[in-house]
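In: Here you go, sequence then predicted model.
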Amino acid sequence: MPPAAEPYPFRCAYAGDDVDHVLVRVLDTAALRFPGGSEPDPFARYRSLMHAYHLAIAAGLADREYTALIEALGRSVAAVDSRRFQVTPLHRSAPLSDRLGFSPRGGVWIKDETGNVSGSHKGRHLMGLLIHLEVAERIGLTAAADRPDLAIASCGNAALAAAVVARAGGRRLRVFVPADAQDAVVARLRALGSDVVPCPREPGQPGDPAYLRLRQELVAGAVPFTCQGSENGLAIEGGQTIAYELATQLAGTAMDHMVIQVGGGALASACAQGLREAAELGAIPLVPRLHTVQTSGAHPLERAYERVRATLPAGEHDRAHAGPWPADDIERALATAARHRSDYMWPWESEPRSIATGILDDETYDWQAVVGAMLTSGGQPRVVTEDRLAEANELGAAAGIPADPTGTAGLAGLLDLRQAGAVGPDERVTVLFTGARRLPSAHLGRLLLGHRVLRLTLARQGPRPGGGRRPPPAGRCPARAAGSGREPRRRGWPPRRQAACRAGRRTLRHRPGAGPGCIRRPP
């Protein structure tokens, strides 16, 4: 269907069963060129790669009108947060490169997001959504007098960024936070005019209580102003500006590896898709190996990766992540996983705890895209200890960037990769420093000193969840849960739903995982 018929193309209408439904923005690389502009605002520089831009042009808006809209929103953001969206720096860190034993040919490149709007990368995802909402009003798909509330579930950077961007756009925002959210964060959210709703964790309740409450709000009609691709497929697009910037800054040179911290998965998904598009458009010679990082306190993505990997044919690729599997094998494995989501991704059984609080999501919501990116690029997931997270944070600060433990978690993964020999001394690696240090130095020092107590507490809880098969829930066939005697599955998934601009240059496609007529996410 044409984009004009669907002002909120965010979530698949058929979502809610055991199939991984995700709306994916697909770029027609044969009809586009990689932008070569010099605008400081990434949403202006890379506008020709954005769904909202093609929606606007197809409806009759001129390019200058679209860029004027971006400029006006940028000024509004700056009025709220004293800064606006700009291309963030990328540089080779000599101290970190030396500390990790890299040669002059290799090294550690840091993409520094700590100076971005609200102090993290999160605002990128949400600014892309705000631009789409503004375009929808400008071309008459929606009315300013009838704006629905926006809603998000977060206790940190995502919530703060959402509050800034929503305030800049003059929109109401409801934020669902855990009951133990930091007082300073809650105070800032309320100062920005957000309605903050604490969500206590009920005994025996699986999953993140704030996310469960968010789902109820969305069913009631709120717009998902979130960083979860499963709830709003266009949230991924805004985050892709990081990858586009990286491709421009590399200026045609190759990057061998990229290490990304993962909570809900939107950042890794956005970087993987953006770099793949940049390679298809000729901006970079190859897509780097994508590695992900989670904490020992919760690592649902690593668990899902290992389960998908176990379904791939054994062979030389089965030896210590020797390289990517054949594309056909990966596609088949991911299609099977998408049809049986609960066998691969489910809420972490115990309440997650770590000093890297920003990646403690009970589930990795955009898991399938990230698992696919690791398999196709030859990357791997890393589960890091609290000691390693603290070490990485101290190294990041010594290198001159005061990020929080979540923001430097990618560096913790790189430390593990170097120790394991998975990254060589002559190779080039990018890590993202994603969140500014918000806690006072003394408070953060106590947190880092106390991480060993937390690690010991987690160790006493018993073996790490996910080592074996998931126990079958009540009422579920044990044979099916063990991998045999599967119950019959519904056949004949709904036909393809596709939104294409009149110029035929971009599509927004529905990919419910598998089945006749469905479009799968490209690997």
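Out: Sure thing, it's come through. Numbers count the residues shown, from 1 in each chain.

In: Do you have the strands of this structure handy? List them.
Out: 22-27, 90-92, 107-112, 150-153, 173-178, 195-199, 223-224, 257-261, 289-295, 381-384, 428-433, 498-500, 506-511 (DSSP state E).

In: gap between residue 118 and residue 31?
Out: 35 Å (CB to CB, to the nearest Å). Where C-beta positions appear, they are placed from N, C-alpha and C, glycine not excepted.

In: Looking at these two, which has the bigger crowd around it?
Out: Comparing residue 118 with residue 31 by other CB atoms under 10 Å, the one with more neighbours is residue 118, at 25 against 10.

In: Was I right to think that one contacts residue 158?
Out: No. The pair formed by residue 118 and residue 158 falls short of the contact definition of CB atoms under 8 Å, at 9.3 Å.

In: returning to what we had before: looking at the strands of the chain, which has the lowest confidence?
Out: Here those differ in mean pLDDT, and the lowest is strand 498-500 at a mean of 35.

In: what about the nearest residue to residue 254 once chain neighbours are set aside, how many residues close to it?
Out: Counting by CB to CB, 6 or more residues apart in numbering, residue 254 lies nearest to residue 285, which is 5.0 Å off, once chain neighbours are set aside. Look at residue 285: counted by other CB under 10 Å, it has 11 neighbours.

In: show me what contacts residue 285?
Out: With contact taken as CB atoms under 8 Å, 6 or more residues apart in numbering, residue 285 is in contact with 252, 253, 254, 279.

In: just residue 149 next, same as before
Out: Contacts for residue 149 (CB under 8 Å, 6+ apart) come out as 171, 172, 173, 174, 217, 221, 222, 223.

In: I'd like those written out as TSV, with distance to residue 42 and neighbour count added.
Out: Below are the contacts of residue 149 laid out as TSV (distance: CB to CB, whole Å; neighbours: other CB atoms under 10 Å):
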residue	distance to residue 42	neighbour count
171	21	20
172	26	15
173	23	26
174	28	20
217	30	19
221	31	9
222	27	18
223	23	21
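
In: picking up where we left off before, so which of the contacts of residue 285 comes closest to residue 241?
Out: Residue 241 lies nearest to residue 279 out of these, by CB to CB, at 16.3 Å.

In: gap between the closest residue to that closest one other than its chain neighbours and residue 257?
Out: Distances taken as CB to CB, 6+ apart put residue 287 closest to residue 279, at 5.0 Å, once the chain neighbours are dropped. According to CB to CB, residue 287 stands 11 Å off from residue 257.

In: Now render the strands of the chain as JSON lines, adding distance to residue 132.
Out: Below are those laid out as JSON lines (distance: least, CB to CB, whole Å):
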{"stretch": "strand 22-27", "distance to residue 132": "11"}
{"stretch": "strand 90-92", "distance to residue 132": "27"}
{"stretch": "strand 107-112", "distance to residue 132": "25"}
{"stretch": "strand 150-153", "distance to residue 132": "12"}
{"stretch": "strand 173-178", "distance to residue 132": "16"}
{"stretch": "strand 195-199", "distance to residue 132": "22"}
{"stretch": "strand 223-224", "distance to residue 132": "10"}
{"stretch": "strand 257-261", "distance to residue 132": "24"}
{"stretch": "strand 289-295", "distance to residue 132": "26"}
{"stretch": "strand 381-384", "distance to residue 132": "31"}
{"stretch": "strand 428-433", "distance to residue 132": "24"}
{"stretch": "strand 498-500", "distance to residue 132": "12"}
{"stretch": "strand 506-511", "distance to residue 132": "11"}
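
In: Count the residues that sit near residue 207.
Out: 15.

In: now swap in residue 184 and tell me
Out: 12.

In: Do I have it right that it meets residue 438?
Out: Yes. If you go by CB under 8 Å, residue 184 and residue 438 touch, sitting 7.2 Å apart.

In: need the helix or strand of the protein with the lowest average pLDDT.
Out: Between all helices and strands in the chain, the lowest mean by mean pLDDT, DSSP states H and E belongs to strand 498-500, at a mean of 35.

In: For residue 135, give me its contacts.
Out: Neighbours of residue 135 in contact, by CB under 8 Å, 6+ apart: 52, 55, 56, 61, 66, 69.

In: Kindly recompute the last result at 6 Å.
Out: Residue 135 makes contacts with 52, 55, 56, as judged by CB atoms under 6 Å, 6 or more residues apart in numbering.

In: Nearest to residue 77, out of these: which one, please.
Out: Nearest to residue 77 out of those is residue 52 (CB to CB; 16.1 Å).

In: Report how many residues lie close to the residue lying closest to residue 193 once chain neighbours are set aside.
Out: In space, and not counting its chain neighbours, residue 193 is closest to residue 167: 5.7 Å by CB to CB, 6+ apart. The tally of other residues near residue 167 (other CB under 10 Å) stands at 20.

In: Show the pLDDT at residue 167.
Out: At residue 167, the model reports a pLDDT of 98.

In: any idea how far residue 195 is from it?
Out: Taken as CB to CB, the span from residue 167 to residue 195 is 12 Å.

In: Kindly report the same for residue 301.
Out: From residue 301 across to residue 195, the span is 31 Å (CB to CB).

In: Look at those two and report which has more neighbours.
Out: The residue with more neighbours, out of residue 301 and residue 195, is residue 301; 28 against 13, by other CB under 10 Å.

In: The more buried one - nearest residue in space that isn't next to it in sequence?
Out: Per CB to CB, 6+ apart, closest to residue 301 is residue 364, 4.0 Å.

In: Pretty sure that neighbour sits against residue 267.
Out: No. Counting by CB atoms under 6 Å, residue 364 stays clear of residue 267, with 11.0 Å between them.
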